[in-house]
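Peer 1: Dropping a prediction and its sequence here:
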Amino acid sequence: GKSTLVNRLVGEERGLAADHAGTTRDSIYVPFVIDGKPYVLVDTAGIRRRAKVQGTIEKFSIVKALQAIDDADSVIVLLDARDGITDQDVSLIGLVIERGRALAIGVNKWDGLRGYDRGIIHSEMERKLPFLDFADIHYTSALHGSDIRKLLDSATKAGEAAIKDLPTRELNDVLSKALDAHPTPLVRGRRVKLTYAHQGGKRPPIIVLHGNQTDRLPQSYRRYLIKAFRKAFRLKGTPIRLQLKTGDNPFAGIRNKLTTRQTRKRDRMKSFTKKNK
């Protein structure tokens, strides 16, 4: 299905496509342009369960596919609707998220399913992939082109979200509103205190939070904060990492340089104070 998707997007036979898995053995790099925007699609080998991997060539192909994931700005995970949502699908999506890559999901060969079978797929998505609520999911047919362009657009926007600048002032505004709406929980009688936020990296976005007892902040509250930041900055399709640091605001001790007027005023105040002692 992946090679058919690439051929459909590019408009020519750039990869060998077949109706059975395992046709692609190496990662194929396919440069092309859509609406004036340059892309490089990487058609990777499919990754099967370890017990089904056969031979050195397939193992090498899997290594190359994993390297392509690490190098990618965004990943399209293409699932086969006829197989349902398998445990291997869940593991691969988890792997992409763990490696911090933006992603979009395509459930391919959707046109071959009836209404009842489609309902089963929707139920499996909700049950097996509840952690994927931040990514777009498209039900596609690479063979006929259904929703293929929307899938590419989602992957593109996810990649852009992963490298977005997050201004410090806006981050702290979001943090303040989130704390007002739902204060941090008490831990051993003391409330976890979050005092300051700033961006710590990109691909994926990293938000550094400073405060007291931050290591005790529950996972549920961390997820709440991630959702607040995601909504405020429209970070659709990319994982978000929180780094929690216990200690003072790192910029608290840094003072702005006084102007000449401010310096004179300070000196007058000091002189006045000494005279009145």
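Peer 2: Perfect, I can see it now. The structure displayed is predicted, hence computed values, not measured ones.

Peer 1: Could you use CA atoms for every contact and neighbour count after this?
Peer 2: Noted.

Peer 1: For the protein, give me the ranges with low pLDDT.
Peer 2: 1, 12-26, 45-62, 248-259, 272-277 (pLDDT under 70).

Peer 1: What residue spans form the domains of it?
Peer 2: Under automatic domain parsing, the residue ranges defining each domain of the chain are 2-162, 163-277.

Peer 1: Please identify the most buried of the ones you listed.
Peer 2: domain 2-162 (a mean of 17; mean count of other Cα atoms under 10 Å).

Peer 1: Now do that one: distance from first to last residue.
Peer 2: Terminal residues of domain 2-162 lie 23 Å apart, using Cα to Cα, to the nearest Å.

Peer 1: SS state for the most centrally placed residue in the chain?
Peer 2: With distances taken as Cα atoms, centre = their mean, Thr238 lies nearest the centre of the chain, 1.8 Å away. Here Thr238 takes the coil state, with states given by DSSP: H, G, I helix; E, B strand; the rest coil.

Peer 1: Now do the helices in the stretch 101-250 of the chain.
Peer 2: Secondary structure of the stretch 101-250 of the chain by DSSP state H, counting those that start in this stretch: the helices cover 115-128, 148-162, 168-181, 219-233.

Peer 1: Need those helices in a markdown table (columns: distance to Ala142).
Peer 2: As requested, those are exported to a markdown table (distance: least, Cα to Cα, whole Å):
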| stretch | distance to Ala142 |
| --- | --- |
| helix 115-128 | 17 |
| helix 148-162 | 7 |
| helix 168-181 | 40 |
| helix 219-233 | 30 |
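
Peer 1: wait, which of those is closest to Asp70?
Peer 2: Minimum separation from Asp70 across the helices of the stretch 101-250 of the chain (Cα to Cα) falls at helix 148-162, 12.9 Å.

Peer 1: Make sure I have this right: Asn79 is in a helix.
Peer 2: One thing to correct before we go on: residue 79 is Leu, not Asn. No: Leu79 is assigned strand when assessed by three-state DSSP, not a helix.

Peer 1: how about the strands in this protein?
Peer 2: Ranges of strands within the chain are 28-34, 37-43, 74-80, 102-108, 137-139, 186-187, 190-191, 193-201, 206-212, 241-246, based on DSSP state E.

Peer 1: Just put these in JSON lines and tack on distance to Ala68.
Peer 2: Output for those, formatted as JSON lines (distance: least, Cα to Cα, whole Å):
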{"stretch": "strand 28-34", "distance to Ala68": "10"}
{"stretch": "strand 37-43", "distance to Ala68": "7"}
{"stretch": "strand 74-80", "distance to Ala68": "9"}
{"stretch": "strand 102-108", "distance to Ala68": "13"}
{"stretch": "strand 137-139", "distance to Ala68": "21"}
{"stretch": "strand 186-187", "distance to Ala68": "43"}
{"stretch": "strand 190-191", "distance to Ala68": "43"}
{"stretch": "strand 193-201", "distance to Ala68": "21"}
{"stretch": "strand 206-212", "distance to Ala68": "22"}
{"stretch": "strand 241-246", "distance to Ala68": "21"}
